[in-house]
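J.: Just a sequence and a predicted model for now, questions to come.
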Amino acid sequence: MNYHHRKNPHPVSGNISFKEVMHVFESLGAEIDQKSGRRVGAKLNGHSVAFNHAQHSLPADEVAQVRGFLETCGIVLISFRYSEWDGV
């Protein structure tokens, strides 16, 4: 384990697309709704969150917000390598 991983055991990926996050939310049963402007809301397991619609990858602060929202909703996040996952 290198220094960076010891300092931050959960590094934030810089290539998570907004569209993929919304697909994951929908597959978990979340209700997705358009808010004013570029805001998109999600409701899951009695919790709600709103994001700015990103044209490309999500900024690091919103990736952290997604993680926190899923954990609040009782979704357990695990680490995996994409090549090992049979995917959505």
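T.: Nice, I can see it.
J.: Point out the other helices and strands that the longest helix anywhere in the chain packs with.
T.: Counting by DSSP state H, the longest helix found in the chain is helix 60-72. When contacts are defined as 3 or more C-beta pairs under 8 Å, 6 or more residues apart in numbering; DSSP states H and E, helix 60-72 sits against strand 47-52. To be clear about C-beta, it is placed using only N, CA and C from the backbone, and glycine gets the same treatment.
J.: Dig out what residue 41 forms beta bridges with.
T.: Taking DSSP bridges, one obtains residue 33, residue 50 as the residues bridged to residue 41.
J.: Could you report the distance from it to residue 28?
T.: Residue 41 sits 15 Å away from residue 28, going by C-beta to C-beta, to the nearest Å.
J.: check contacts around the closest residue to residue 39 other than its chain neighbours.
T.: Spatial nearest neighbour of residue 39, excluding adjacent residues (C-beta to C-beta, 6 or more residues apart in numbering): residue 50 at 5.1 Å. Residues in contact with residue 50, defined by C-beta atoms under 8 Å, 6 or more residues apart in numbering, are 35, 39-42.
J.: From residue 15, how far off is residue 50?
T.: Remark: distance between residue 50 and residue 15 (C-beta to C-beta) = 22 Å.
J.: same deal with residue 45?
T.: The gap separating residue 45 from residue 15 is 27 Å, by C-beta to C-beta.
J.: Point to the helix or strand of the protein where mean pLDDT is at its lowest.
T.: In the chain, the helix or strand scored least confidently by mean pLDDT, DSSP states H and E is helix 3-7, which has a mean of 51.
J.: Identify each buried residue in the helix or strand following that one, please.
T.: Using DSSP states H and E, the helix or strand that follows helix 3-7 in sequence is helix 18-27. Within helix 18-27, the residues that count as buried by 16 or more other C-beta atoms under 10 Å are 18, 21-22, 24-25.
J.: For those, could you give me a markdown table that also reports distance to residue 69?
T.: Formatted as a markdown table, these follow (distance: C-beta to C-beta, whole Å):
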| residue | distance to residue 69 |
| --- | --- |
| 18 | 14 |
| 21 | 10 |
| 22 | 12 |
| 24 | 11 |
| 25 | 9 |
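J.: Going by distance to residue 78, which of those wins?
T.: Nearest to residue 78 among these: residue 24, at 13.3 Å, using C-beta to C-beta.
J.: I appreciate the help and will end here.
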